[in-house]
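1. Whatever this is, show me its structure:
(chains A and B)
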There are 2 protein chains.
Amino acid sequence: MTAQPTSQDQPSDQPDAATRLADLTIAVLGGTGPQGRGLARRFAASGLSVVIGSRSAERAQGIATEIAESGTLEGSLTGADNAGAARDGDIVVVAVPWDGHKELLASLADELAGKIVVDCVNPLGFDKQGAYALAVEEGSAAQQAQAVLPESTVVGAFHNVSAVLLEDPEVASVDTDVLVLGDKREATDLVQALADRIPGVRGVFGGRLRNAHQVEALTANLISVNRRYKAHSGLRVTDL
Amino acid sequence: MTAQPTSQDQPSDQPDAATRLADLTIAVLGGTGPQGRGLARRFAASGLSVVIGSRSAERAQGIATEIAESGTLEGSLTGADNAGAARDGDIVVVAVPWDGHKELLASLADELAGKIVVDCVNPLGFDKQGAYALAVEEGSAAQQAQAVLPESTVVGAFHNVSAVLLEDPEVASVDTDVLVLGDKREATDLVQALADRIPGVRGVFGGRLRNAHQVEALTANLISVNRRYKAHSGLRVTDL
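-> Now for the predicted structure:
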C-alpha cells in the first residue's frame, strides 16, 4: 500500500517495485537486536527470503530458529555472520547499535558494494530527562553510511517503527507509516515496497538523504510520547 | 481533543487547560505572513481574543479586517505593531521568518517577560533540490527563543501544519496533530489546548525543548512529501 505518487513521476519501462522485490534476498545486520529481530520476522512472514546477520553466526542461526518456531513464516529465515549476511543480501538492512555503526559498515564495504543499504539506526543519547539526538559529523547515521560505503546506495528507513510491535506475533497490523529517505528513485521505490510488506505499514517517500537526521532524531520525541501516554506510538502522514 | 495523558500525570488542583485558555488573549507575531494569518484566523474563529502583530500596525489592522470579512469569527481579531501585540498577549505565538527571529525576540524581551511564547519557526534553507534544515547555534529556533527570552516560558508548536489549509476558509477541518515541545507542564498543557481549538487538530506532547530541532527540521521532509505526492501533508501520532 505504498502511497501512490502522481502519474508523471511513475517509471513505466520496468516491473514495479513490489514485483522486483519478491525475488530479492533481504539481509538484516544486527538482526539479533529488538529492531532487527522484529523487521526480520515481518519480512520473512510476508514471504521474503531473509538472512539475519550477527557477530556470531551461531547466535544469528539461533535467533532465526526461535523466530521461525514462534509464528508462521511464508518466506525463509536463516542466520549468518554479518559478512555472510551482507554477501547474501540484495538489500541489506542495517539495524545495529549506533555505537560501532561506522566501523562495522566500513569493514563490510566490499560485501555491500553495488547493493541497496537500508539504514535504520537512530543516534540517540539517554539521560535522566529521557532521550535526545546526538550530533553526527556526517549529518546523520544514513549519511555516515553513505560516506563509508561510496559504492552502495544508502536509503534511510524504519527509524520510527516500534520494535515492541514488530516483535509481537499477536500484533497483526502495525499502525504506522515508514518515511523512506534517499537520492535514487529506484532504490527508494524498492524500500517503500519493502515497508509495504509489513501489515498496516505504508512506505512514504520522505525526502533526500540530507534530510535523514531529523527523521532519525524524531525517535527521541516518540520515546517522550511513549512515556507520557504509555503508548507504542508511530506516525502517519496525512493527505496522501 | 487533546490526547489524554494517563491519570497519574494529570494535575488536579486547578481548572483544566482548556478552561484556563478561554480567558486569555493570543498574540500572533508575524501575523501577516501565511502561517501567522492562518493561525490567527483559526484561533479567532474558535472564539478566542486574538491580536495580530506586524512591523506596521496599519498592515496588521488591515489583515485583521480582511480575515474578519472573509469568514465568521466567534472571537475577536485586532492588529497592532509587534511590541503592542506582545504586550497585549497572554500567550504570544511567534510566526515570523527565521531571518530576523533572534533580533526581533531580543527586542521584545521586556514585553514577553513572564509569558508563554509559542515558537513556530522552522529554520530552513532552499535550493534546487528542495528544502533542508539549517544549523542553529542554540540547537533550534525554540531554544534560541528561550536563550534570548530567559524570563519567558518558550514552547515549540505548530511547526508542521500547512499554512495553505489553515488559511483556506473552505477547509473545515485540518487533519494533523501538533507536536508541542517544552519543559514546563502547565505551559505545554495550555498550548496543547490551543492546538485543540483548530478543528481536526490534536495537540500532542512531543518532548522537551532540547528535542525541538528535529520537529522544526521535519518540515523540510513534509515539503518533499508535498512535492512528490502533490499534497498538503500533516502528521498523526498513532496509538494515542
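2. ranges for the strands of chain A?
-> Ranges of strands within chain A are A:25-29, A:49-54, A:76-81, A:91-94, A:116-119, A:124-127, A:130-133, A:153-156, A:177-181, A:202-207, A:234-238, based on DSSP state E.
3. Contact partners for the spatially closest residue to residue A:63 that is not a sequence neighbour?
-> Of all residues beyond its chain neighbours, the one nearest residue A:63 is residue A:32 (4.7 Å), with distances taken as Cβ to Cβ, 6 or more residues apart in numbering or on different chains. For glycine as for every other residue, the C-beta is placed from the backbone atoms N, C-alpha and C. With contact set as Cβ atoms under 8 Å, 6 or more residues apart in numbering or on different chains, residue A:32 has these partners: A:52, A:54, A:59-60, A:63.
4. swap in residue A:166?
-> Applying Cβ under 8 Å, 6+ apart, we find residue A:166 in contact with A:35, A:37-39, A:41-42, A:174, A:198.
5. List only buried entries from the contacts of residue A:32.
-> Taking 16 or more other Cβ atoms under 10 Å in any protein chain shown as the criterion, what is buried in these is A:52, A:54, A:60, A:63.
6. pretty sure the second one contacts residue A:64?
-> It refers to residue A:54. No: distance between residue A:54 and residue A:64: 9.7 Å, which falls outside the contact criterion (Cβ atoms under 8 Å).
7. list residues touching both of those two?
-> In terms of Cβ under 8 Å, 6+ apart, residue A:54 and residue A:64 are both contacted by the residues A:31, A:79.
8. What residues sit buried inside the lengthiest helix in chain A?
-> For chain A, the helix reaching the highest residue count under DSSP state H is reported as helix A:213-229. When neighbours are counted by 16+ other Cβ under 10 Å, the buried residues of helix A:213-229 are found to be A:213-226, A:228-229.
9. Just give me the closest of those residues to residue A:203.
-> Minimum distance to residue A:203 across the buried residues of helix A:213-229 is 13.1 Å, recorded for residue A:215 (Cβ to Cβ).
10. doesn't residue A:46 make contact with residue A:76?
-> No: here residue A:76 does not reach residue A:46: they are 11.6 Å apart, not a contact under Cβ under 8 Å.
11. Which one's more surrounded, the two?
-> residue A:46 (19 against 14; other Cβ atoms under 10 Å in any protein chain shown).
12. which residue packs closest to that one, ignoring adjacent ones?
-> residue A:197 (3.9 Å).
13. What count of nearby residues applies to residue A:192?
-> By the criterion of other Cβ under 10 Å, residue A:192 has 27 neighbours.
14. Name the nearest residue to it, ignoring sequence neighbours.
-> Nearest-residue entry for residue A:192: residue A:203, 3.0 Å, with adjacent residues in sequence omitted and distances by Cβ to Cβ, 6+ apart.
15. what are the bridge partners for that neighbour, then?
-> Residue A:203 has these beta-bridge partners by DSSP bridges: residue A:178.
16. who's in contact with it?
-> When contacts are counted by Cβ under 8 Å, 6+ apart, residue A:203 touches A:2-3, A:157, A:177-178, A:180, A:191-196.
17. since we're on residue A:124, how many residues are nearby?
-> Neighbour number of residue A:124 under other Cβ under 10 Å is 16.
18. hang on, it packs against residue A:136?
-> No: with contact taken as Cβ under 8 Å, residue A:124 and residue A:136 are classed as non-touching, separated by 10.8 Å.
19. give me the low-pLDDT residue ranges for chain A?
-> Per-residue confidence for chain A (pLDDT under 70) gives these ranges: A:1-13.
20. got the contact list for residue A:65?
-> Residues in contact with residue A:65, defined by Cβ under 8 Å, 6+ apart, are residue A:79.
21. Check residue A:148 too.
-> With Cβ under 8 Å, 6+ apart as the criterion, the residues that contact residue A:148 are A:102, A:105-106, A:109.
22. Please indicate which of the residues you listed has the highest neighbour count?
-> Compared across the contacts of residue A:148, residue A:105 has the highest neighbour count, 28 neighbours, by other Cβ under 10 Å.
23. thinking it is in contact with residue A:94, fair?
-> Yes: at 6.9 Å, residue A:105 and residue A:94 qualify as touching, with contact defined as Cβ under 8 Å.
24. Can you check which residues contact both of these two?
-> Between them, residue A:105 and residue A:94 share these contacting residues under Cβ under 8 Å, 6+ apart: A:117, A:145.
25. How many residues are close by residue A:135?
-> Counted by other Cβ under 10 Å, the residues lying close to residue A:135 total 11.
26. Spit out the contact partners of residue A:197.
-> Under the criterion of Cβ under 8 Å, 6+ apart, the neighbours of residue A:197 are A:21, A:42-43, A:46-48.
27. which one of these sits closest to residue B:185?
-> Looking across these and measuring by Cβ to Cβ, the closest to residue B:185 is residue A:42, at 36.6 Å.
28. how near is that closest one to residue A:89?
-> Summarising the geometry, the distance separating residue A:42 from residue A:89, computed by Cβ to Cβ, to the nearest Å, is 16 Å.
29. Residue A:193 now?
-> Residue A:193 sits 16 Å away from residue A:89 when distances are taken as Cβ to Cβ.
30. Those two: who's more crowded?
-> Neighbour count, other Cβ under 10 Å: between residue A:193 and residue A:89, residue A:89 has more, with 26 against 20.
31. excluding its backbone neighbours, what's nearest that one?
-> In space, residue A:89 comes closest to residue A:27 once its chain neighbours are excluded; the distance is 2.6 Å by Cβ to Cβ, 6+ apart.
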